[in-house]
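A.B. asks: here is a sequence with its predicted model. Questions after.
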Amino acid sequence: MRAGKLASALALTLAVCATALAGGTGAAGAATAKTLLSPTPYMGWDTYFALRGGFTETTILTQANLLKTTGLEADGYSIVWLDATWWQGKRDAAGNIVVNPAQWPHGIAWLARTLHQNGFTLGVYTDAGSTGCGVNGGAFGHYQQDIDTFAKWGVDAVKVDWCGGSAQGLDPATQYALLRQAILANSSHRPMMLNICNFLQPGQKGPNLPVFGQSAFFSYSFGPTSGTSWRTDTDVGVPGNVTYGSVLRNLDADGTQPGAAGPGHWNDPDYLAPDQGMNAAQFRSQFSMWAMLAAPLMISDDLTTMSKSALQTVTNKQVIAIDQDPAGIQGTEVSASGNGEVWSRQLLNGQVAIAFLNRGSTAVSLSTTAALVALPQAARYSVTNVWSGQAFTGGGSFSAQVPANSTVLLRVKPAS
């Protein structure tokens, strides 16, 4: 189907649903002095794992259509994010971004309008350096010019990578602050979310390169004042090869600075990776623990081939509600024994989410108490297992038999 006809079909099949840039689930935006634009962790879909670098206007509209028809958009996954390879770095004589007309026959502004008309917001990718990762363009020397272009096109979110920034020896805190200022000063006065994507671990590029203070591990120190989110570790994997061990590694790194996160600014442990190498239980654990972290929920999977189990996982409304809890408090580990861990997350109105995480390949028994997870004192508690749907009332102790590589996730509140 030609792009024009596809867009018409999309407009007919997708219900028009305005997405407020000033807040709400999945709303894109950066925190400014007057407006909080990401009060809960943003949600959406990204091309990186999903399409392995190859996509066109037609591909993106097809994926957007599936976000709608599968119910993902209704559940809050409203950002469509064009990652690396949407632009290969070509500029005109005046330094303006030039996109490939074969890839984007109607241009990015047209794509943004089409997505907006159907309830979505649009994100794009660039780099803080002159080039990005692989054959991708970068914004160095063009920060204000490129941000103005994105704003004029109607872009809602910008992911800024660090491959080029690292290669040029730039300082992350300095460059991302400049990019934030460019967003705040854009000529269209358009609010846009900034995703800080310095993904480098200390020494990842060579001996002492980068140093700790220029790595992902240090982004929490400036991320809340510069961006809406910041990566807390290296990539969770590559397309088609995401392991449970890598998910646990990123969980551990993200969990070191829970106080940095809160309404409008979020620790980012990387994308959700269904169908990229993990089995169903392992991916369900990733989704559970990302909700405990109050992490952005960005699915990166080809929706034309997404497995039924993955779709059921990412559309679990009770898990999404934990991630999107308005209090915006990141969860923390409260106890550990062998491969078993207990995490808790404070929710609004005295409720608590409890995650029993099994990092190992054999089942474990885990338990905790109301006092340990800081529940309000009560004689009895109402408990819901958000994966099984089982609800019951009990005393002040909670336990679970957790299968290999799995997570049992509970929502608990004092019984009325």
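C.D. replies: That came through, no problem. Numbers count the residues shown, from 1 in each chain.
A.B. asks: quick one: the helices in this structure, in order.
C.D. replies: Counting by DSSP state H, the chain has helices at residues 3-13, 47-51, 57-69, 107-117, 143-153, 163-167, 172-184, 223-226, 244-254, 280-292, 308-314, 317-323.
A.B. asks: export the third one as PDB, just CAs?
C.D. replies: C-alpha atoms of helix 57-69 as PDB (Å, rounded to 0.1, in the frame of the first residue of the first chain):
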ATOM      1  CA  GLU A  57       7.200   6.000   6.700                       C
ATOM      2  CA  THR A  58       5.000   3.000   5.700                       C
ATOM      3  CA  THR A  59       6.600   0.800   8.400                       C
ATOM      4  CA  ILE A  60       6.000   3.400  11.100                       C
ATOM      5  CA  LEU A  61       2.300   3.900  10.200                       C
ATOM      6  CA  THR A  62       1.800   0.100  10.200                       C
ATOM      7  CA  GLN A  63       3.300  -0.100  13.700                       C
ATOM      8  CA  ALA A  64       1.200   2.800  14.900                       C
ATOM      9  CA  ASN A  65      -1.900   1.100  13.500                       C
ATOM     10  CA  LEU A  66      -1.100  -2.000  15.500                       C
ATOM     11  CA  LEU A  67      -0.500   0.100  18.700                       C
ATOM     12  CA  LYS A  68      -4.100   1.100  18.300                       C
ATOM     13  CA  THR A  69      -5.700  -2.100  17.200                       C
END
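A.B. asks: can you give me the domain boundaries for this structure?
C.D. replies: Listed by automatic domain parsing, the domain ranges of the chain are 3-323, 332-414.
A.B. asks: next one: the longest one to chain centre, how far?
C.D. replies: Relative to the mean C-alpha coordinate of its chain, domain 3-323 is positioned 7 Å out (Cα atoms, centre = their mean, to the nearest Å).
A.B. asks: that one - what's its average pLDDT?
C.D. replies: For domain 3-323, mean pLDDT rounds to 91.
A.B. asks: may I have the residues that are in contact with the residue sitting furthest away from the middle of the chain?
C.D. replies: The outermost residue of the chain, judged against the average C-alpha position, is Ala379 (38.0 Å), by Cα atoms, centre = their mean. Counting by Cβ atoms under 8 Å, 6 or more residues apart in numbering, Ala379 makes contact with 395, 415. All C-beta atoms are positioned from the backbone trio N, CA, C, and that covers glycine.
A.B. asks: and it, how far from Ala370?
C.D. replies: As judged by Cβ to Cβ, to the nearest Å, Ala379 and Ala370 stand 10 Å apart.
A.B. asks: ok, now Gln144?
C.D. replies: On the measure of Cβ to Cβ, Gln144 and Ala370 end up 53 Å apart.
A.B. asks: picking that back up, and Ala355, which of the helices of the chain is closest to it?
C.D. replies: Nearest of the helices of the chain to Ala355, taken as Cβ to Cβ: helix 280-292 at 5.0 Å.
A.B. asks: show me what the closest one is packed against.
C.D. replies: With contacts taken as 3 or more Cβ pairs under 8 Å, 6 or more residues apart in numbering; DSSP states H and E, helix 280-292 sits against helix 244-254, strand 297-299, helix 308-314, helix 317-323, strand 340-346, strand 352-358, strand 407-414.
A.B. asks: turn those into TSV, including mean neighbour count.
C.D. replies: Converted to TSV, the helices and strands packed on helix 280-292 look like this (neighbours: other Cβ atoms under 10 Å):
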stretch	mean neighbour count
helix 244-254	21
strand 297-299	26
helix 308-314	17
helix 317-323	19
strand 340-346	22
strand 352-358	25
strand 407-414	22
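A.B. asks: of these, which is nearest Ala74?
C.D. replies: Taking the helices and strands packed on helix 280-292 one by one with Cβ to Cβ, helix 317-323 is closest: 10.0 Å.
A.B. asks: which residues touch the nearest residue to Ala128 once chain neighbours are set aside?
C.D. replies: Nearest non-adjacent residue to Ala128, counting by Cβ to Cβ, 6 or more residues apart in numbering: Gly165, 3.7 Å away. Listed by Cβ under 8 Å, 6+ apart, the contact partners of Gly165 are 127-129, 138, 140, 172, 175, 198.
A.B. asks: distance of the residue farthest from the centre of the chain from Val352?
C.D. replies: 16 Å.
A.B. asks: does Gly203 touch Gln214 like I think?
C.D. replies: No - Gly203 lies out of contact with Gln214 (Cβ atoms under 8 Å); the separation is 11.0 Å.
A.B. asks: those two: which has the busier surroundings?
C.D. replies: When Gly203 and Gln214 are compared for neighbours, Gln214 comes out ahead with 21 against 13, by other Cβ atoms under 10 Å.
A.B. asks: who touches stretch 82-100?
C.D. replies: Under Cβ under 8 Å, 6+ apart, the answer for stretch 82-100 is 46-48, 53-55, 60, 103-104, 107-108, 122-126, 131-138, 142, 145-146, 149, 159, 161.
A.B. asks: how about that stretch: buried residues?
C.D. replies: For stretch 82-100, the neighbour count (16 or more other Cβ atoms under 10 Å) marks 82-89, 97, 99 as buried.
A.B. asks: ok, back up a step: can I get the contacts of Gly165 in CSV including neighbour count and distance to Pro263?
C.D. replies: Supplementary listing: those in CSV, determined by neighbours: other Cβ atoms under 10 Å; distance: Cβ to Cβ, whole Å:
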residue, neighbour count, distance to Pro263
Asp127, 27, 28
Ala128, 28, 26
Gly129, 23, 31
Gly138, 26, 31
Phe140, 18, 31
Pro172, 27, 23
Gln175, 23, 25
Asn198, 27, 23
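A.B. asks: of those, closest to Arg249?
C.D. replies: Asn198 (16.7 Å).
A.B. asks: ok, and the closest non-adjacent residue to that closest one?
C.D. replies: Trp162 (4.0 Å).
A.B. asks: hang on, the one you found packs against Thr126?
C.D. replies: No - contact between Trp162 and Thr126 fails when scored by Cβ under 8 Å: they sit 10.9 Å apart.
A.B. asks: run a quick neighbour tally on Thr131.
C.D. replies: 20.
A.B. asks: again but with Asn118, I slipped
C.D. replies: Residues within reach of Asn118, counting by other Cβ under 10 Å, total 24.
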